[in-house]
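Student: Predicted structure and sequence below. I'll ask about it afterward.
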Amino acid sequence: MKYLYIFGTLFFTVYGQIILKWRIGKLGWHPNTEGIGAAVVNYLRFLFDPLIFSGFISAFVASVFWMLAMTKFEITQAYPFMSISPALVFILGIWLLGETFSWGKVIGLALIIIGVIVTVKL
C-alpha cells in the first residue's frame, strides 16, 4: 500500500509535465508578441487554459502524495524512485508529443534506472 504514494507522486508529476508541454504547444505563442503587454496576454492565456490549470493542480496533488510517502519511507529510500519520472516523460514525450529519440537519451535513462535499483536494493 505504501508504494501507492510513490506511484501517485510519479503519476501526477509526469501527467503535469506532459499536459503542460502538450497544451502550450497546441496553444502556441502568438507571433505578435512584441512588448510586455502582448507577453502578459500570452501568459494569461496559458494560465487560464483548463488543461494547463490541471497540470498545476497535478503538481499540487503530486506534492500531497509525496508528503504521504514521507510518512511511510525514509527519504533516502523513496527519493530514488523519483528518478523514474524522466524515463516516463521521455517515453511519453516520444509516443504522445512526437519528440526526438536518441540512443544517448536511452543510455542515460538506463543508467538512471540502474542507479535507482542499486540505491533501493543495497
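Tutor: Great, that's in hand.
Student: going forward, measure contacts between C-alpha atoms and count neighbours the same way
Tutor: Fine.
Student: where does this protein have its least confident helix or strand?
Tutor: Every helix and strand in the chain was compared by mean pLDDT, DSSP states H and E; the lowest is helix 36-47, with a mean of 82.
Student: how about it: buried residues?
Tutor: Within helix 36-47, the residues scored as buried using 16 or more other C-alpha atoms under 10 Å are Asn42, Phe46.
Student: May I have it as PDB, with CA atoms only?
Tutor: Presented in PDB, the C-alpha positions along helix 36-47 are these (Å, rounded to 0.1, in the frame of the first residue of the first chain):
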ATOM      1  CA  ILE A  36       5.400  43.400 -22.400                       C
ATOM      2  CA  GLY A  37       1.600  43.700 -22.800                       C
ATOM      3  CA  ALA A  38       1.500  41.100 -25.500                       C
ATOM      4  CA  ALA A  39       3.700  38.800 -23.500                       C
ATOM      5  CA  VAL A  40       1.400  39.200 -20.400                       C
ATOM      6  CA  VAL A  41      -1.600  38.400 -22.600                       C
ATOM      7  CA  ASN A  42       0.100  35.200 -23.800                       C
ATOM      8  CA  TYR A  43       1.000  34.100 -20.300                       C
ATOM      9  CA  LEU A  44      -2.500  34.800 -19.000                       C
ATOM     10  CA  ARG A  45      -4.000  32.800 -21.900                       C
ATOM     11  CA  PHE A  46      -1.800  29.800 -20.800                       C
ATOM     12  CA  LEU A  47      -2.500  30.300 -17.200                       C
END
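Student: Buried by neighbour count: which residues of the biggest helix by length in the chain qualify?
Tutor: Determined from DSSP state H, the single longest helix within the chain is helix 2-27. Applying a neighbour-count criterion of 16+ other C-alpha under 10 Å, one finds 5-20, 22-24 buried in helix 2-27.
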